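In: sequence? don't have it. structure:
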């Protein structure tokens, strides 16, 4: 039987409707994480009894052990009470359950096994075994002119100093850590500022790197089994206001390590970060410029996006690594004492345990805050 044009059109339409009815729906990506944040609250001062200021690293504890309770927020300080950079020696512990903050750990300004002294940076991690590892990029006068190569300092779960790691590829541990922790072993990623390689007269160049450190956890704490430089050639430069500018934020997603390149004003990706045996250089640029104003700390949002802290204003930017689009921005520090508001006030950032907010530090007033 021959069908006329109208009948053919009807059958075609009916076929499309039937196919649509039985098709598997494609899950839509959750909306912007930053758009879900409605309120910002100051939680506590990060200044301990010795007067240290300039909070840098910010880590949420994954376990309860020793003095640490799961979900505690550990924050370290880079400056001393005189606001000299590269001489801070303390870590404080904020307990959300009680709203209190206490001193977790403190070390002397000089440690025999830490070249150049102590100045705690944003390179901090808390292992499942309770050990806390924190980077030190020290100065003797508060400027980068006297910066030493520093070390990684290890504390136990009660805040007792255990040991340091120095030398080899460890040269000015600076930026956020990324961590894969299996309990008995762990893999730690740290950005290195290259302090031991910078001539005092130059203090600038493409000397910063990213290293992967393989750890074995024993009864005497973690020990390094292998160090691998997986990225290098990142720009760094001395800065009188912020000590040094270099790669800071690290986030591991699968086998890809995302790195915030502060000098390049970009977020880059290093592939095969867990397995590669050679350096990827600076990796691949995922996003550059736009709303970025010297990107610092990175965090992964529940929807898979990257949260990028700006150094030169009070904004946090949401970046979709799949599309490479900067999809949202939120001003979380609006202090108009700086131009633009909040410039120089932000540093560390961490997701709250329930995934519905972010902790961050306000360097201008030395406080821990939450947006949710």
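Out: Nice, I can see it. Everything numeric here is computed off the predicted structure, so don't read it as measured data.
In: low-confidence ranges in this structure?
Out: Within the chain, the set of residues satisfying pLDDT under 70 comprises 1-30, 198-203.
In: could I get the buried residue list for stretch 365-372?
Out: 365, 366, 367, 368, 369, 370, 371 (16 or more other CB atoms under 10 Å). Backbone N, C-alpha and C define where each C-beta goes, glycine included.
In: need the residues that contact it.
Out: 37-47, 53-55, 58, 73, 75, 94, 101, 330, 332, 335, 352, 356-362 (CB atoms under 8 Å, 6 or more residues apart in numbering).
In: list only buried entries from those residues.
Out: Looks like the contacts of stretch 365-372 have 37, 40, 44, 46-47, 53-55, 58, 73, 75, 94, 101, 330, 332, 352, 357-362 buried, using 16+ other CB under 10 Å.
In: so which of these sit within helices?
Out: Among those, no residue falls in helices (DSSP state H).
In: which members of these occur in strands, if any?
Out: Among these, the ones falling in strands (DSSP state E) are 40, 44, 53-55, 58, 73, 75, 94, 101, 330, 358-362.
In: which of those residues sits closest to residue 243?
Out: residue 54 (9.4 Å; CB to CB).
In: residue 89 is in contact with the closest one, correct?
Out: No - look at residue 54 against residue 89 with CB atoms under 8 Å: they stay out of range, at 12.0 Å.
In: mutual contacts of the two, please.
Out: When contacts are counted by CB under 8 Å, 6+ apart, residue 54 and residue 89 are jointly contacted by residue 77.
In: relative to residue 347, how far out is the most centrally placed residue in the chain?
Out: Closest to where the C-alpha atoms of the chain average out (CA atoms, centre = their mean) is residue 176, at 3.4 Å. Distance from residue 176 to residue 347, counting by CB to CB, to the nearest Å: 9 Å.
In: which neighbours do these two share?
Out: 122, 297.
In: quick revisit: go through the ones in strands among the buried ones among the contacts of stretch 365-372 and name the one nearest residue 112.
Out: Of all these, residue 112 sits closest to residue 54, with 25.1 Å by CB to CB.
In: state the distance from that closest one to residue 100.
Out: According to CB to CB, residue 54 stands 21 Å off from residue 100.
In: for the ones in strands among the buried ones among the contacts of stretch 365-372, which one is nearest residue 230?
Out: Nearest to residue 230, judged by CB to CB, of those is residue 58 at 23.8 Å.
In: residues contacting that closest one?
Out: Contact partners of residue 58, counting by CB under 8 Å, 6+ apart, are 73-75, 122, 124, 297, 347-350, 359-361, 368.
In: look up the closest residue to it, ignoring the ones flanking it.
Out: In space, and not counting its chain neighbours, residue 58 is closest to residue 348: 3.2 Å by CB to CB, 6 or more residues apart in numbering.
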